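> Sequence unavailable; structure follows:
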């Protein structure tokens with residue numbers, strides 16, 4: 001559903017550049033974005049559960065089950081693995097995604113935690129299942 005929405009957005013609307021701010025502490029990487037009011041945004045596919053904190057703003061969020069929930073800051077949620085959401089910002093919104101890692105190379109972190117396509121996520125799950133079945137970690 002999010003893929004179809006994103007394709008429609010790309011076809012009809014001008015892209016909005018949303019820079020991120022990266023924060024690092026022992027075992028933690030936080031990626032913060034500020035979403036302008038009136039913006040529709042789509043997220044990435046996360047391989048693992050992650051913590052999300054909305055510290056400012058008001059969003060309508062397309063959830064995994066196809067429903068739309070309106071949430072306002074302060075709002076914190078743990079997203080399950082495989083989650084990919086879309087949202088509309090009613091007001092300027094600050095959203096932070098937190099991953100547990102000691103890495104500080106953002107490209108390496110993204111390679112570890114983000115699936116680029118639904119197919120990549122399926123492959124990740126199959127590989128993880130195969131490794132676990134064979135006692136590797």
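Right, received. Where do you want to start? Computed from a predicted model, the values in this text were never measured in an experiment. Numbers count the residues shown, from 1 in each chain.
> Strands of the chain, residue ranges please.
20-25, 28-35, 40-42, 45-46, 50-62, 68-72, 75-79, 86-100, 114-115 (DSSP state E).
> export those strands to CSV and tack on mean neighbour count, mean pLDDT and distance to residue 108?
Every residue, glycine included, has its C-beta placed from N, CA and C. Shown next, in CSV, are the strands of the chain (neighbours: other Cβ atoms under 10 Å; pLDDT from 0 to 100; distance: least, Cβ to Cβ, whole Å):
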stretch, mean neighbour count, mean pLDDT, distance to residue 108
strand 20-25, 12, 97, 12
strand 28-35, 17, 96, 10
strand 40-42, 18, 84, 23
strand 45-46, 20, 84, 16
strand 50-62, 18, 94, 16
strand 68-72, 13, 94, 31
strand 75-79, 15, 93, 21
strand 86-100, 18, 94, 11
strand 114-115, 18, 83, 11
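> Quick one: closest of those strands to residue 14.
Within the strands of the chain, the stretch nearest residue 14 is strand 40-42; the backing value is 11.5 Å (Cβ to Cβ).
> so can I have CSV of the strands of the chain showing distance to residue 12?
As requested, the strands of the chain are exported to CSV (distance: least, Cβ to Cβ, whole Å):
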stretch, distance to residue 12
strand 20-25, 24
strand 28-35, 18
strand 40-42, 10
strand 45-46, 23
strand 50-62, 17
strand 68-72, 19
strand 75-79, 27
strand 86-100, 14
strand 114-115, 25
